[in-house]
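S.K.: sequence and predicted structure below; questions after.
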6 protein chains.
Amino acid sequence: MRVDGREQLQLRPIHIETNYLKHPEGSVLISVGDTKVICTASIDERVPPFMRGEGKGWITAEYSMLPRATEQRNIREAAKGKISGRTMEIQRLIGRALRAVVDLEAIGERTIWLDCDVIQADGGTRTASITGAFVAMAIALDKISKSKKLASYPIKDFLAATSVGILENKEVVVDLNYVEDSKALVDMNVVMIGDGEFVELQGTGEEATFSYNELQELLRSAQEGLAAIFEMQKEALGEEITNKINTRKK
Amino acid sequence: MRVDGREQLQLRPIHIETNYLKHPEGSVLISVGDTKVICTASIDERVPPFMRGEGKGWITAEYSMLPRATEQRNIREAAKGKISGRTMEIQRLIGRALRAVVDLEAIGERTIWLDCDVIQADGGTRTASITGAFVAMAIALDKISKSKKLASYPIKDFLAATSVGILENKEVVVDLNYVEDSKALVDMNVVMIGDGEFVELQGTGEEATFSYNELQELLRSAQEGLAAIFEMQKEALGEEITNKINTRKK
Amino acid sequence: MRVDGREQLQLRPIHIETNYLKHPEGSVLISVGDTKVICTASIDERVPPFMRGEGKGWITAEYSMLPRATEQRNIREAAKGKISGRTMEIQRLIGRALRAVVDLEAIGERTIWLDCDVIQADGGTRTASITGAFVAMAIALDKISKSKKLASYPIKDFLAATSVGILENKEVVVDLNYVEDSKALVDMNVVMIGDGEFVELQGTGEEATFSYNELQELLRSAQEGLAAIFEMQKEALGEEITNKINTRKK
Amino acid sequence: MRVDGREQLQLRPIHIETNYLKHPEGSVLISVGDTKVICTASIDERVPPFMRGEGKGWITAEYSMLPRATEQRNIREAAKGKISGRTMEIQRLIGRALRAVVDLEAIGERTIWLDCDVIQADGGTRTASITGAFVAMAIALDKISKSKKLASYPIKDFLAATSVGILENKEVVVDLNYVEDSKALVDMNVVMIGDGEFVELQGTGEEATFSYNELQELLRSAQEGLAAIFEMQKEALGEEITNKINTRKK
Amino acid sequence: MRVDGREQLQLRPIHIETNYLKHPEGSVLISVGDTKVICTASIDERVPPFMRGEGKGWITAEYSMLPRATEQRNIREAAKGKISGRTMEIQRLIGRALRAVVDLEAIGERTIWLDCDVIQADGGTRTASITGAFVAMAIALDKISKSKKLASYPIKDFLAATSVGILENKEVVVDLNYVEDSKALVDMNVVMIGDGEFVELQGTGEEATFSYNELQELLRSAQEGLAAIFEMQKEALGEEITNKINTRKK
Amino acid sequence: MRVDGREQLQLRPIHIETNYLKHPEGSVLISVGDTKVICTASIDERVPPFMRGEGKGWITAEYSMLPRATEQRNIREAAKGKISGRTMEIQRLIGRALRAVVDLEAIGERTIWLDCDVIQADGGTRTASITGAFVAMAIALDKISKSKKLASYPIKDFLAATSVGILENKEVVVDLNYVEDSKALVDMNVVMIGDGEFVELQGTGEEATFSYNELQELLRSAQEGLAAIFEMQKEALGEEITNKINTRKK
C-alpha cells in the first residue's frame, strides 16, 4: 500500500475542467490529485522569424509555478530575473511532446502558445501539464479548423503523459505524488500517443540505476495508466472533437 | 447605463473563496466580475536583513498576471528577465496598503509574503488584489495569533480597495471594468480602512485633468462602494476573526 | 516652526536656471532648497514603434540620482543591472504628468525625452523633477514650434508639482524636506495645471491613515504652494513663451 | 551504409587524451569522430550552502561550446547574458549522470566541478561530454583518495554515454554524427554504468514516435556501443585506477 | 590653428569648483572647456570582502554620463541593464590611476568611492575625471587624516591626466576636444604624478599607427600640459593640503 | 636569471598550429609557453547595422577563458550573466589592434569575427590572442581574396603583440609569465606592425610609476621581442601569404 493508500498501478483522481478562462482560445484546469495546473492555448497569427515563409505552424510552451504552489514559498523567476534550468527543461519537453501530434503544415503560419501555470503542486506537474495542454490545444485547434479553411484536420492523435517510478521498497508505481517522487530510486516520465507509441521517454536514476527488466516493468505500468488518461481526455473534449481526431488517425 | 448594464455606483459581483489552496497559511480566490485573482499569504519566520533585531515584522507583496489573463497574450516577465514598471508600482502599493492595518510589533520578527496572481483580468486587478490579499493575510495572521503568544491581536482594522473614475460622458462610476478603464478620463484607486479613513489615494488624469468638485464626487462614490466590500470581507472571514478585529479596533 | 525654520505653508527657496547645458534642446538646473535636479528635454524625430503612423507625438521621462546625491552613497542602478521599483514609479509619474499639458497631435511624430538627474537630494525630488522638466520641455517645444510648421502651439497649460504632508505633530505642511518626509505620517504629491485642476494626486499613509478633513486641508495647502511655483516657472520661461501658453489656453 | 561510410552499429573513432591541461586536478581532451570536448574536473574544498554540515560531497557540471565549434558561428551565452535552455538541460544531465557512480559520502564535504567545453562539434556532444567527464573526474577523485584519508574508494563503477537513433530509412544506428542527428526520426541518449544498468534514458521523437519494439532495438544497440566505450575509458585511465574501481564494485 | 582657435600645446580653460555638493566627503565640479564632470569622493568604513583583515584600504571608481551630456542622447546604462565596455574600461583606469598616489596602508580598512558623472561632454572626459577625482579624493582623505589617527599622511603625490594626439594634418596637439578626437589619427591618454613619472600610458592608433619619434613628441607635449594642470589642482586644494602632500613626498 | 630560467629579453617558446579546427574559415592554436589560446576567424557576409551601406567591412573580437584555464577555477561569465570589465577591455583591444592592418574598404561589407578562447593561462593571454588572431584572420582573409574579386589584397602589414615589464628587482623583461606579471611594478602591452610602428601602447604602474628612461628601455625590449614573433607568424602563414602581405606593403 502506498503512502496515500493507492495500489501500485492506481492513478490519483483526475479532473479536467475545460474552458476554465474567458480569454484564451483553449483552456483547462487539470487536477491530478492535489496537483493543479491551468493550461491555456493561445493562437498567434505569426510564426517566429526563423520559420517565416515555410508555410508551417509552430507550437511552443511555457511553464511556471505560483510561488506558493509548493510547501515552501519559491522565489518568482521574474524576481530572480532568470528562468531556472528545471523550468526550461520542462517547457522544452512540453513543446516537443505536443508538436508530435500536430500537423504543422495543416495549421498554416500560426503559433500556438501553450501556457502551463501550476497553482498547486504535489508531484507530476510536468506530466499533468502535458495531459492538460493537449486538451487546451485541441480546443483551440478545433476552433481554427472551424473558422479557417485548413488542408486537413490538424490533430493527428491523442497525447498524454504520466510518471512511473521505483520506490525505495523496489515497488514499481505509477503517477507518483511529491512524497513518493522525492524518495524514489528511479523516476521516469512517459509521453505517449493514443495508438500506444512513445513520443518521449525520460528515465533517471538519481544516485541509483535500473536494469533492463525494471525498465520493461516501468513501461508496462505507464502504458496501463495512460490508457485510462486517454479516456478522460476524450470525455473532456467531447464526442465531436474525439471523432475528428479518430477519423484523422485512420 | 454602463457598458455592462450596471448603474453608476453599482459594483460588479464579488466572490471570495477562502482556503483555496492547500499549502499557503492563508489563501483566497477573489473574483470581482470577470477579474479573478489568487491571493496567498505565506509566513516566513525571518525578516529581511535591514530589519533584523528590531523586534518588528514585515509585510511584502508580489503581483503577477498569467500570460493569458488578458485579451492578448502577454510575454512573461520571467521570460523578459525583468519586472515591468507597472508590476513594481502595483506590488509596492499592495505591500504599503496592507502594512497600514497590521501591528508590525505584534507579529514579531516574521515576514508575511502576499502573492497576488491574476488568472483572469477585466480591470481593477490591483484593487481586487488588495481586497483579496487582506482576507488571505487575516487568515494567516489569525493562525499565528493562535499558535504563538503575540503581545496583541495583530490586525488593527479591515482594509479594502476599489476604483472610481470619470467616463468619457463625464459620469462618475465605481469599480471600472477593462473597457471603461481604458477609455476613462480620470482613474482613481482608493484604499480605505474599515473606519472610513484613507490609506492611499491615487488619482490620475491621463491626458486629462479633474477639478476639486469632481474629486469630491469620486471620493464619495468610492466610500459607498467600499462599505459594501467590507461586508463581503467580513462574511468571508467569518464571525470569529471579524470579532477579533473589531475588538482590537476599540 | 519647522525643522528648518519655515512656517507651515512656506516653500523652500526655488531657483530655475534655464539653458544649463549646451547640447539638449531644453535644459534647466532646478533647486528647491538643497534638492537639485538637472532636467533636460531632448527631441527625437521618431516615435516608439507602437505609435508609428498615428500622426501623434510621445513624451517619456527617465529619472536617476547620482550615487552621492544622498547622505549615504547609493549603488548605481546600472551597476545593479536593473532599475528599482521606486525609480520606475517616479519616471512613469513624470511622463504621465507632462503628457497632460501637451497637445500630442500638434507636435507630430516626435518623442520628447525628459531626463531628470538628481545631483543633490533633500526631499521632494520627484516634484522638483516635474516642475523643472516642464520648463525644459517648454523651451524645447517652443523651439520646435518655431522651426517646424505645427498645427497649433503644443503646450496647453503650465504644470507643476509639490508635496504636502502631515507631520508627527499633526501639522499640515507644504514642500517637505528629507527629514520631514522620512517621519511624516502622511505624504502626498500633487500635480496641477495652471488653471488649478489636478493631473495627479498620490497620497499615502505609510503605517498611518488620513481623514476626509485632513485631505481637504492638504489639498488647499498644495494649491497655495503651487500658485507660487507657477509664477517662478513663468519668470524662468520669460514673457514670450508665457504669453504663447496663455494664448493657447484661451 | 551510413553517410560517413560506417555500419549501423559502428562507433566513430574515439580518442581520450588524459592530463590535457596543466591546472585542473583532472582533464581530458576527448574526440569522438570530429566532436572534440575538453573535460576538466576541479576540486573545490567546499560544498554549496544547501549541503553544508551533511558530511557529503557534491558533483556539478557546466557545458559550453566555443562560438565556432559549429558550422555557423554561435553567439556566446556570456554575450547574450543568459544560458540557453539547451545548455541548462545538458549540464543538468551531465551532473546527474556522474553523481550516479560516485560515493558522495566517501568524498566528504567537497565539490567536484566538471567543465565540458566543446571546441569542435559534429553531433553527440553531450554523450562525449559524459564519457570524457567521467575520465577527468576519476583522475581527480583518485588524487583525493591518495592525498586524503577517505572512508572508501569514491568511484563505484564506470560510466559512459552514447546516442542511438532511427534514421529516415528506419535503420537503427549508434553514435549519430551531426548530419544524421539533424534528420533522425528518433534520437535517444543512453547513460550506462559498467555493469550494464541504466542511469539515464532520454528518447525523443521530434515530430515522430517510436514503438516498443523499436525501443528494444535501440537499447540493444546502445548497450553494444557502450561496451566498447568502457574499454577505451579503462585504457585511458590505466590499470591502477581501473583495478581500484573494479575492486570497489565487488 | 586648431578648430577652436587654440595653439598646438594650448589647454582649454580649466575650472575646478571644490565642495560642489553637500553630502559627499569630497566633491568638485571640474570643467575643461565644455567638458563638465561632477567628481565625488565617498568614504566607506569597510573594504571589499577580498581585502578584509589585510589592514589596507581600497580606492575604486565609477564613471557615467548623463544621457544628454552628448550631442545625441544616449540610452542610460541602467535602462540597458548593463554597463558598456567603454564605461568599464574608463572606471578601471580611474581607479588604477588614483591608487598609484595613495598610501593604502595609511588609510586603514576603508574604501574611497570615486564617482565621476559627466554632465556635459566635449572630449577628454576620462582625463578630466582623473584630474577632478584627484582633487575630490584629496579633500576627503584630508578629512580622514584630521579626524582619525593615521600612521602617515595618505596622499603620496599629485596626480592628473590629459590627452595628446596626432591630427589628420600630422600636428601633435594637447587636450583634444570632441571634434579633434573623433578625427585624430592617434589618441593618447597620459596619467602622471607631480614629480613627472608616468602612471599610465594608453596610446592608440585607430586604423593608423605611430612611430617612435612621434611617441616622443606626444609625451613631451603631455608633460608640458600636465605641469599647468598640477598648478590648478594646487590652487583648488589650497595651501594647507598642497603643503601636506609636498611634505609627504620628501 | 628569471623565475623560469629565461634571460631578460628571452621570449618563451612559441608554437602556432594553423587550421586547428574544422569549421572556421581561419583558426590556430597558439601557445606561448604554457599560455594556450584557440583563435578563430569567422566570416559573416553582413556588417553591423550602423555600418550598412558604407561599402566597408568590420573586424570585431571576443575573448574568453575556460573556467579552469587558471590555477583557481573561475566562474563562467555566462553563468554570472555578464561580461567582466577585464574581458571587455581585452576584446576591445584585440579588435582595435587588428583593424589597424586591414583595408576595410577592400574586404567589402563583411564582418570578420575573431574569437580568442584561452584554454590554458600563464600570463600574456591578451598579447598571445592578438598574435594568434592575426594569423587566423590572415588565413580567412586570404580565402576571401581568392574566392571573391577584391579591389586589393586586404592585409596591409603583419601585426603582433607582446608584454614587457619591470620586475621587483627593477629589471626590464619581455613576455612575462603569470608569476612575473602578478608581481611586476610596471606592465606594458605593445602592439606593433611589421614595419616597426606602434598600433597600441598600454603601460600601467599598479601602485607604482615609471620614468621616461624606463619607458624607453621597455619599448626597445618590446621591439626586439616582436621582431622574433613576426618571423614565427611568417613561418606559420607560409610563403604565399607572406609574400602577398609584403607586396601589398610596398
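M.R.: That came through fine. Numbering: from 1, shown residues only, chains lettered A, B, ... in the order given.

S.K.: drop to CA atoms for contacts and neighbour counts, all remaining ones
M.R.: Will do.

S.K.: what angle separates the helix or strand encompassing A:N243 from helix D:212-249?
M.R.: Per DSSP states H and E: A:N243 is located in helix A:212-249. If you take axes from the mean of the first three to the mean of the last three CA atoms, to 10 degrees, helix A:212-249 sits at 160 degrees to helix D:212-249.

S.K.: is helix A:212-249 anywhere near chain D?
M.R.: Yes - interface with chain D: helix A:212-249 contributes A:Y212 (CA under 8 Å from any CA of the partner chain).

S.K.: and that helix, what's its mean pLDDT?
M.R.: What helix A:212-249 shows for mean pLDDT is 96.

S.K.: and A:H23, its phi and psi?
M.R.: Note on A:H23: backbone dihedrals following degrees, to the nearest 10 are phi -80, psi -40.

S.K.: next up, the contacts around A:A208.
M.R.: A:L185, A:V186, D:A100, D:V199 (CA atoms under 8 Å, 6 or more residues apart in numbering or on different chains).

S.K.: cool, and A:R68?
M.R.: A:R68 neighbours (CA under 8 Å, 6+ apart): A:N74, A:I119, A:Q120, B:H23, B:P24, B:T40, B:S42, B:D115.

S.K.: just put those residues in TSV and tack on distance to chain F, pLDDT and secondary structure.
M.R.: Formatted as TSV, those follow (distance: CA to the nearest CA, whole Å; pLDDT from 0 to 100; DSSP: H, G, I helix; E, B strand; the rest coil):
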residue	distance to chain F	pLDDT	secondary structure
A:N74	21	96	coil
A:I119	29	98	strand
A:Q120	30	98	strand
B:H23	32	98	coil
B:P24	32	98	coil
B:T40	31	98	strand
B:S42	30	98	strand
B:D115	27	98	strand
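
S.K.: buried members of those residues into ChimeraX, please.
M.R.: Of these, the buried ones go into a single ChimeraX selection, burial set by 16 or more other CA atoms under 10 Å in any protein chain shown:
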select /A:119,120 /B:23,24,40,42,115
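
S.K.: ok, so of the contacts of A:R68, who is nearest chain E?
M.R.: A:N74 (24.5 Å; CA to the nearest CA).

S.K.: what residues sit buried inside stretch A:111-131?
M.R.: For stretch A:111-131, by 16+ other CA under 10 Å, it's A:111-131.

S.K.: from the contacts of A:A208, which ones fall inside strands?
M.R.: Judged by DSSP state E, the subset of the contacts of A:A208 located in strands is A:V186, D:V199.

S.K.: re earlier: same for the helix holding A:N243, what does it pack against?
M.R.: Helix A:212-249 is packed against strand A:14-18, helix A:125-147, strand A:159-166, strand A:172-174, strand A:186-193, with contacts defined by 3 or more CA pairs under 8 Å, 6 or more residues apart in numbering or on different chains; DSSP states H and E.

S.K.: so what's the closest residue to A:Y178 other than its chain neighbours up against?
M.R.: Distance criterion CA to CA, 6 or more residues apart in numbering or on different chains; nearest residue to A:Y178, sequence neighbours excluded, is A:G123 at 4.0 Å. Shown in contact with A:G123 (CA under 8 Å, 6+ apart): A:T35, A:L176, A:N177, A:Y178, A:V179, A:D181.

S.K.: from those residues, which would you call buried?
M.R.: A:T35, A:L176, A:N177, A:Y178, A:D181.

S.K.: now A:T35: how far from chain E?
M.R.: Distance, A:T35 to chain E, using CA to the nearest CA, to the nearest Å: 37 Å.

S.K.: so how far is chain D from that residue?
M.R.: Remark: distance between A:T35 and chain D (CA to the nearest CA) = 24 Å.

S.K.: mind pulling the model confidence for that residue?
M.R.: 98.

S.K.: next, the angle from the helix holding A:N243 to strand A:14-18.
M.R.: 30 degrees.

S.K.: got the contact list for the nearest residue to A:G81 once chain neighbours are set aside?
M.R.: The shortest distance from A:G81 to any non-neighbouring residue, by CA to CA, 6+ apart, is to B:G81 (4.3 Å). Contacts for B:G81 (CA under 8 Å, 6+ apart) come out as A:A78, A:K80, A:G81, A:K82, A:I83.

S.K.: inside strands: which ones of the residues you listed?
M.R.: If you go by DSSP E, the contacts of B:G81 have nothing in strands.

S.K.: list only buried entries from these.
M.R.: Buried among those (16+ other CA under 10 Å): A:A78, A:G81, A:K82, A:I83.

S.K.: any figure for the gap between the third one and chain E?
M.R.: What that stands for is A:K82. 13 Å.

S.K.: look up how far A:I112 lies from A:P48.
M.R.: Separation of A:P48 from A:I112 (CA to CA, to the nearest Å): 11 Å.

S.K.: so what's in contact with these two at the same time?
M.R.: A:W58.

S.K.: skipping its backbone neighbours, what lies nearest whichever residue of chain A sits closest to chain F in space?
M.R.: Chain F sits closest to A:K82 of chain A, with a gap of 9.5 Å, by CA to the nearest CA. Excluding the flanking residues, the one nearest A:K82 by CA to CA, 6+ apart is B:G81, at 5.4 Å.

S.K.: and the one you found, what pLDDT?
M.R.: At B:G81, pLDDT is 89.

S.K.: narrow the contacts of A:A208 to those that are buried.
M.R.: Buried among the contacts of A:A208 by 16+ other CA under 10 Å: A:L185, A:V186, D:A100, D:V199.

S.K.: format those residues as JSON lines; extra columns: distance to F:D142.
M.R.: Output for these, formatted as JSON lines (distance: CA to CA, whole Å):
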{"residue": "A:L185", "distance to F:D142": "58"}
{"residue": "A:V186", "distance to F:D142": "56"}
{"residue": "D:A100", "distance to F:D142": "50"}
{"residue": "D:V199", "distance to F:D142": "49"}
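
S.K.: turn those residues into CSV, including pLDDT and distance to chain C.
M.R.: Output for those, formatted as CSV (pLDDT from 0 to 100; distance: CA to the nearest CA, whole Å):
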residue, pLDDT, distance to chain C
A:L185, 95, 42
A:V186, 96, 41
D:A100, 94, 38
D:V199, 97, 40
